[in-house]
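**Q** Requesting a structural model of the entry that follows:
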Amino acid sequence: MNPVRVRFAPSPTGFLHIGGLRTALYDFLFARHSGGTFILRIEDTDRNRLVEGAVENLIASLQRLGLDIDEGPGLGGDLGPYVQSERLELYHREAQRLLDSGHAYHCFCTPQTLSQMREEQQRKGEFVKYDRRCRNLPPAEVQARLAQNEPHVVRLKMPDNRIFGFDDLIRGHVEMDAAQSDDQVLIKSDGFPTYHLAAVVDDHYMQISHVIRGEEWLSSTPKHIWLHECLGWQTPLWVHLPLILNPDRSKLSKRMNDVSVESYLQKGYLKEALLNFVALLGWHGADDRETFSLEELCAEFSLERVSKSGAVFDLTKLDWMNGWYLRNLPLEEVVERSLPWFEEEKLPLPDSATLARIVAAARERCTLLPEIAQYAKMFLRPAELSAADLALLDAGDSRKVLRWFQNQLPAEGEIDAASLDALVKNGMNELGLKGKAYYTPLRLALIHQAHGPELHTTFAILGLKEVQLRLAEALQDHNLT
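**A** From the prediction side, this is the model:
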């Protein structure tokens, strides 16, 4: 059996999106599970849609997610170059082979002619495809028009009356009628190949064993099989992934939805959660587990467990999964990854032990990394008290609570959770207060909000010295002395 060689072949037309990430991830997982090779190939033959910096972003996104590339642009490999615009001579050579063998032909139809053709077919309710008017032009006429440098394309001669049968590793045996396939353009008028020719040529010369791609390419498979046959090449194994759907079952579109990988990372989703979530968009493990590390995915992944049916992109599930990873990753990693949002909020950073206590408390209640910085504000930069809060602190019962605590707390050192609990109970008994009347003034004084973590968490984060200071400030600032 040939060694496993798979390729992720995006077009540099923007950021890496969720659908592209799933294809890249499945390529990567299959290669790692099989001891194979994961290749990045840049398909930049559509010159009108190129976006500057997109290639660099694609590579950076894959690296940031931990999907290490074995061969690709800037990484080397024996079968490059890995950018299609650097392989034009190869495509023209193979296109000429097809012309010489009678499997392709020159087409001189103008864009206006093609547009009128499509409109007429649509008006008649016919299947829209090229009507082959240039397919049987006399050779002398073709040569004369070429000699005059008349604009033209090269088209593939698709066979008539043939059913293409092939085996897909997800869908099983598939049969498709050649009548539903067009005489595909192979070389455009600008001299660049279309996806169809370039992908087939590159897959052959890069020795790709499995073509893993989205379901939307299923209808193009007869053209690609026919190209392999015409060029005398063996076809790779076909793997067509299910569609990714919105909750309403419509197709998830990268042009209509905020689905770029970069946007999710910028919102504070963790790479572990994003990879885990995307892996489950069509694949499932041997049991009912829902959380996998990248290493575990590599060990368990198989194409046989990829579903035929569409996979729903459920943001609620992604949020749940991100929260799970926030709580279960090593604390020091969560601290490190949350720092950019502390910097963005311009929060003063405490010592490392206090910062760790803040993040430990926050991650139990947060879903995204930015929420940790928002949670930390009550300790590091409390909000200004509202007029209603000030009025509550001025109330007689609030005054009693703050004074009692100020007098009962030790002047220095620390107070553990058990001692604090005992102190709280004593205060309730002596003051005859409980519930909101007891806890709200304390929280307003310490974190400037009526709701927050347990008192022992607040005390542990602030420390006894800061607690004393904030109680004193609350009493002084509100004329409660």
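**Q** mind listing the strands for the stretch 201-350 of the chain?
**A** Along the stretch 201-350 of the chain, counting by DSSP state E, counting those that start in this stretch, strands occupy 210-214, 237-241, 244-245, 311-312.
**Q** List just the one of those that sits closest to residue 163.
**A** strand 237-241 (16.0 Å; C-beta to C-beta). Heads up, the C-betas are built off the backbone N, CA and C, glycines and all.
**Q** which other residues reach the closest one?
**A** 22-23, 26, 166-171, 209-215, 217-218, 221, 282, 303, 306 (C-beta atoms under 8 Å, 6 or more residues apart in numbering).
**Q** Can you list the buried residues in it?
**A** Within strand 237-241, the residues that qualify as buried are 237-241, counting by 16 or more other C-beta atoms under 10 Å.
**Q** avg pLDDT for that strand?
**A** Average pLDDT, strand 237-241: 98.
**Q** same check, this time on stretch 115-124
**A** Mean predicted lDDT for stretch 115-124 stands at 95.
**Q** Check stretch 444-458 too.
**A** Across stretch 444-458, pLDDT averages out at 94.
**Q** Quick check: end-to-end length of that stretch?
**A** 12 Å (C-alpha to C-alpha, to the nearest Å).
**Q** distance between the ends of stretch 378-389?
**A** End to end - C-alpha to C-alpha - stretch 378-389 spans 15 Å.
**Q** Buried residues, it. List them.
**A** Buried, per 16+ other C-beta under 10 Å, within stretch 378-389: 378-380, 385, 389.
**Q** Contact partners for residue 108?
**A** Residue 108 neighbours (C-beta under 8 Å, 6+ apart): 134, 137, 145, 150-152.
**Q** For it, which non-adjacent residue is closest in space?
**A** In this structure, residue 108 finds its nearest non-sequential neighbour in residue 152, 4.8 Å apart by C-beta to C-beta, 6 or more residues apart in numbering.
**Q** which helices and strands does the helix or strand bottoming out on mean pLDDT in the chain pack with?
**A** Ranked by mean pLDDT, DSSP states H and E, the weakest helix or strand in the chain is helix 387-394, scoring a mean of 85. The contact analysis (3 or more C-beta pairs under 8 Å, 6 or more residues apart in numbering; DSSP states H and E) places helix 387-394 against helix 396-408, helix 436-447.
**Q** Now stretch 115-134: buried residues?
**A** 117, 129-131, 134.
**Q** repeat for stretch 287-299
**A** Within stretch 287-299, the residues scored as buried using 16+ other C-beta under 10 Å are 292, 294, 297-298.
**Q** Could you chop the chain up by domain?
**A** Using automatic domain parsing, the domain parsing of the chain gives 1-75+242-329, 87-241, 331-378, 387-477.
**Q** So which of the contacts of residue 108 is the closest to residue 429?
**A** Residue 429 lies nearest to residue 151 out of those, by C-beta to C-beta, at 93.9 Å.
**Q** Can you give me every residue that contacts residue 359?
**A** 331, 334-335, 338, 372, 376.
**Q** Single out the most deeply packed of the helices and strands packed on helix 387-394.
**A** Highest mean neighbour count of these: helix 436-447, a mean of 21 (counted as mean count of other C-beta atoms under 10 Å).
**Q** ok, residues contacting that helix?
**A** Here helix 436-447 makes contact (C-beta under 8 Å, 6+ apart) with 378-379, 382, 385, 389, 392-393, 395, 397-398, 401-402, 405, 424, 427-428, 431, 449-452, 455, 458, 462, 467, 470-471, 473-474.
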